[in-house]
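Asker: Return atomic coordinates for the entry below.
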Amino acid sequence: MQKRNLLYAALILAMVVGLSSCFHRHHDVHVRVNDDEDVYRLRASFDKDLTGDVQRVINDHLRKHQAHAFVTVYTDKQITLDDGTSFYIKSGPGRLRIKVDRTGNPEEGNEAVIEMCDEIKEVLAGRDDNE
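Answerer: Numbering: from 1, shown residues only. As a prediction, the model looks like this:
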């Protein structure tokens with residue numbers, strides 16, 4: 001009888017832990033940055049609800065630098081700013097990849113893209129802390 005009660009308690013505990021992880025999925029924000037002298041890379045995965053916030057940051061930066069491009073939910077393209085700075089972006093709901101080849105771009109342009117990435121990280125960190 002005691003083994004049966006222990007089994008029921010273990011099952012209930014497993015269900016509670018499993019359900020709580022489902023309800024807290026929106027806290028999962030993972031950002032990975034690789035930064036060396038030749039290439040800057042940002043990879044992020046986050047709650048799909050934050051996709052619009054990330055898009056706004058990117059599109060605000062593109063407008064600020066007079067780029068004739070914008071990012072939608074699904075994007076997979078090379079973007080070139082008016083100063084000639086070029087970077088690759090791939091995005092989808094809850095995920096983002098940005099790659100900048102530092103050797104082929106002006107230093108100011110590289111810094112502008114990295115500044116955009118820093119703002120993206122702030123948006124994701126701020127939302128993650130507040131949820």
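
Asker: going forward, measure contacts between C-alpha atoms and count neighbours the same way
Answerer: Fine.

Asker: what residue ranges in the protein score low on pLDDT?
Answerer: Scanning the chain for pLDDT under 70 picks out the ranges 1, 5-27, 127-131.

Asker: in it, which spans are strands?
Answerer: 30-35, 39-45, 75-80, 86-92, 95-101 (DSSP state E).

Asker: Could you save those strands as CSV and add columns showing mean neighbour count?
Answerer: CSV is the format used below for the strands of the chain (neighbours: other Cα atoms under 10 Å):
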stretch, mean neighbour count
strand 30-35, 14
strand 39-45, 18
strand 75-80, 16
strand 86-92, 19
strand 95-101, 21
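
Asker: so what's residue 39 bridging to?
Answerer: residue 101 (DSSP bridges).

Asker: roughly how far apart are it and residue 74?
Answerer: Relative to residue 74, residue 39 is positioned 23 Å away (Cα to Cα, to the nearest Å).

Asker: Tell me if I'm right that residue 46 and residue 94 touch.
Answerer: Yes. In this structure, residue 46 is within contact of residue 94 by Cα atoms under 8 Å, at 4.7 Å.
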